[in-house]
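# build me a model from this:
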Amino acid sequence: MYWSMTRSAADILAMLLFLALCTAGGWFLVRAGFRLSSKDRVVVGAGLGLSLATWLANLLSRWIDPPLSFWLSAALLVAVGAGLWWGQPDRRLRLGQELRPWLLFVAVLVLGYFFLRMGRGLAVFDDRKNLSLISLMAAGDIPPHFYMNPDFYFRYHYAFQLFGAMLMRLGGLFPWSAFDLAKGIAGALAVGLSVVWGRRVTGRWVGGAALGFVVLFASGARWLLLLLPSEFVSVAARGVTLWGSAAQTASDLPNALASPWVIDGGPLVPFPFAFVNGILQPLVLYLQAGPVSLGLIALLLLLILYPARARRWGWGVLTLVLALWALAAEAEFALFVLGVALACAALLVRKSPETNRRELWGMVGAVALATVLGFLQGGTLTEVARSVASRAANPDPSAALPMGGFSLSAVPAIVSSHLGELRLGNPGELAIGLLEIGPALLLAPLAVWWVVRAYRRRRLFPLAFGASTLLGFILPMFVRYEVDRDISRLTHYALVGWILLAAAPVAVAWRQGATRRRGVIAAIGGLMVFGGLALTGPLLTSLTRGVLSNRIQSIDAGMAREMWNRLEPGSLVLDSDTWRAVALTGRLTRSAPDSVSVLEEWTRLVADPEVTLLTAAGVDYVYVDQYWWNDMPETARASFLDPCVNTVAEGKDNALNGRRWLFDIRSCPAG
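Okay, here's the model as predicted:
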């Protein structure tokens, strides 16, 4: 009940063919339009192909239903890529030369399998959102509505979940297996592209492997608090307010440091709270969230492809990568746009050669077009624009969805999604904040040096990227977002950016340095990855089991096999769980106004689900488990025996999970 929903080997082969087509299309584009070594083209082509296919699927699905829209995205990518490649003077295809660097490709495959197995045993980082979105979009709801309310579209960066939906629909997978497979593929490609970038800037494979290792395991150094006197930690943490899962772990920071991290769906051996992080979560764990990997892929593709473009149409490829980035990680994309604006303003002040001006306007055009696409293609930017337009058309706040937004903070602070606001003016909190950031902070001077050098050399893209990382580090200290802990994503972007920027100067320092300098570099690197390595131990214990999700049992998987995407489009399903039926059926429910609260109407209906009351509320189907059935009032249970109620599906097992029913109540009168 984990892998195949259709039990069809043909579906699995179709999914593999789809992945191969995407990789081939990306390879053709790289081969035809960018000056890349054959050592890099296969992995870069795979990352580019899957990214562009996801973006195209999002576009085509507005008019064409899946799975045809998914197949067309891959076919269009291959056709355009092959056509551009065929039009080049040098179109000789030497597979032996292209596949000669097989070790990196095999390493990516092995790493992807490892991430898949690891994700199979975990259900962390908001499965309700991920599984629901994958199920909805696989059934054709693209762009997706809010999975717990059909009244509005979801303001979310859903590109990664769309990739998972493509795997689910084409491979006949369950939502959870598609999610785990997508995490494995995206996480492995992110590490593989980090290796490619590291090899390019250091000139050696060992440099690339070292950068990939650091990207995978880099984290903060909260664990260093364990080495400090407990009295100091208690005094320093006196004003610290724990947020989110940290508040569930313990009442204060000193107790939390000595406790396992309380999080749903964790591994058999729990994570020690002292080694996780609220700013720079290690990728080996953070990839379980999904979108972070796809956002990193887009960033690395830009870093690798921008200086390697050889044809004018390469700007079009970069524009689509930027648009995909806006759909996968809008906050990071917005930072980059700000960085480009600052870089252009700085370079326009100077007298630049005409070639630099052409490059400048090319980048401005790509970013401007990607921004326009970002406001039209769905996701966060589109829904923010929709909300602004709605408010402009109707000033009544109740007439539009709340846009949310940013505000200035009166107290500058380092923001951690676990430890809250660590005020810069409080020495104890500042010390905790610096350890929460970790050794990556020591790379900040290299980022400043990178920006200054790029400005002197009039290099637009490096200047824009470096400036965006500095903005990402500074802004969260003074700006707050409607969901306070989400602002830490900007700091995470800055620290990862500094790691990528530091690869070249650190490699030079290593080659030219004496033993003492190399020792310092090794020590900083060791401190940076120690937290991620410590978390890998508990993660390995997840390899021995399979987990569907926190709220989903094997009997639910059996029901999904029978009824997923079988109900009429637009149907509304009620469940005693706020989201479970969405993942199982691919149809929406109405249970919540947002991600943190529930509707009073849904609470009343679950407490007394009398059929006429449900039909009056617009419910078409009801998914009932044994526990809900037992808790219903007698009159509500009796109403399901009415002849107007049709039992669409029924299941039972011999465990404590009891029975499941799916009732069709569309023929019943409204009360």
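
# max-length helix in the chain?
Using DSSP state H to define each element, the chain has its longest helix at helix 175-202.

# buried residues, that helix. List them.
175-202 (16 or more other Cβ atoms under 10 Å). (Glycine included, C-beta is placed from N, CA and C.)

# ok, residues contacting stretch 471-486?
Residues outside stretch 471-486 that contact it (Cβ atoms under 8 Å, 6 or more residues apart in numbering): 243-244, 278, 331-332, 335, 338-339, 342, 404-409, 412-417, 420-421, 424, 444, 487-488, 490-491, 493-495, 497.

# return the subset of those lying in strands.
Among the contacts of stretch 471-486, DSSP state E puts 406-408, 413-416, 420-421 in strands.

# of those, buried ones?
Using 16+ other Cβ under 10 Å, the buried ones in the ones in strands among the contacts of stretch 471-486 are 413-416, 420-421.

# OK, contacts around the spatially most central residue of the chain?
Among the residues of the chain, the one closest to the centroid is residue 291, at 0.7 Å (Cα atoms, centre = their mean). By Cβ under 8 Å, 6+ apart, the residues touching residue 291 are 157, 159-161, 328-329.

# so which pair among those residues is furthest apart in space?
161 and 329 (12.8 Å; Cβ to Cβ).

# okay, those two: which has more neighbours?
Neighbour count, other Cβ atoms under 10 Å: between residue 161 and residue 329, residue 161 has more, with 33 against 25.

# so how far is residue 108 from the more buried one?
22 Å (Cβ to Cβ, to the nearest Å).

# which ChimeraX command selects the buried ones in the contacts of stretch 471-486?
Restricted to buried positions by 16+ other Cβ under 10 Å, the ChimeraX selection for the contacts of stretch 471-486 reads:
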select :243,278,331,332,335,338,339,342,409,413,414,415,416,417,420,421,444,487,488,490,491,493,494,495,497
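
# what is the nearest of the buried ones among the ones in strands among the contacts of stretch 471-486 to residue 12?
Comparing those against residue 12 with Cβ to Cβ places residue 416 closest, at 41.8 Å.

# name the nearest residue to the closest one, ignoring sequence neighbours.
Of all residues not flanking residue 416 in the chain, residue 278 sits nearest, at 3.4 Å (Cβ to Cβ, 6 or more residues apart in numbering).

# just residue 21 next, same as before
Using Cβ to Cβ, 6+ apart, the nearest residue to residue 21 is residue 74, at 4.1 Å.

# show me what contacts the one you found?
By Cβ under 8 Å, 6+ apart, the contact list for residue 74 reads 18, 21-22, 25, 53.

# so of those, which two are at opposite extremes in space?
By the measure Cβ to Cβ, those have their two most distant members at 18 and 25, which lie 10.7 Å apart.

# which elements pack onto the helix or strand residue 319 falls within?
Element membership for residue 319, per DSSP states H and E: helix 314-328. Using 3 or more Cβ pairs under 8 Å, 6 or more residues apart in numbering; DSSP states H and E, the elements in contact with helix 314-328 are helix 9-33, helix 38-60, helix 159-171, helix 291-305, helix 330-349, helix 354-376.

# what's the most buried one of the ones you listed?
Comparing these by mean neighbour count (mean count of other Cβ atoms under 10 Å), helix 159-171 ranks first with a mean of 28.

# using CSV, write down the CA coordinates of that helix.
In CSV, the C-alpha atoms belonging to helix 159-171 read as follows (Å, rounded to 0.1, in the frame of the first residue of the first chain):
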residue,chain,number,x,y,z
ALA,A,159,6.2,24.0,-8.1
PHE,A,160,7.7,21.2,-6.2
GLN,A,161,4.3,19.6,-5.4
LEU,A,162,3.5,19.9,-9.1
PHE,A,163,6.5,17.9,-9.9
GLY,A,164,5.3,15.3,-7.4
ALA,A,165,1.9,15.4,-9.0
MET,A,166,3.4,14.6,-12.4
LEU,A,167,5.1,11.6,-11.0
MET,A,168,1.9,10.5,-9.2
ARG,A,169,-0.3,10.7,-12.3
LEU,A,170,2.1,9.3,-14.8
GLY,A,171,3.5,6.5,-12.5
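
# quick one: distance of that helix to the chain centre.
Centroid separation for helix 159-171 versus its chain: 13 Å, with Cα atoms, centre = their mean, to the nearest Å.

# and what of stretch 161-174?
16 Å.

# phi, psi of residue 173?
With angles defined as degrees, to the nearest 10, residue 173 sits at phi -90, psi 160.

# stretch 248-257: end-to-end distance?
Start-to-end span of stretch 248-257 (Cα to Cα, to the nearest Å) is 13 Å.

# next one: it to chain centre, how far?
28 Å.

# for that stretch, which positions count as buried?
249-250, 252-254, 256-257.

# determine which two of the residues you listed are furthest apart.
Farthest pair in the buried residues of stretch 248-257, by Cβ to Cβ: 249 and 254, 11.8 Å.

# ok so, going back, and the helix holding residue 319, what's its mean pLDDT?
Over the span of helix 314-328, the pLDDT mean works out to 95.

# between helix 175-202 and that helix, find me the angle.
Per axes from the mean of the first three to the mean of the last three Cα atoms, to 10 degrees, the angle that helix 314-328 makes with helix 175-202 is 130 degrees.
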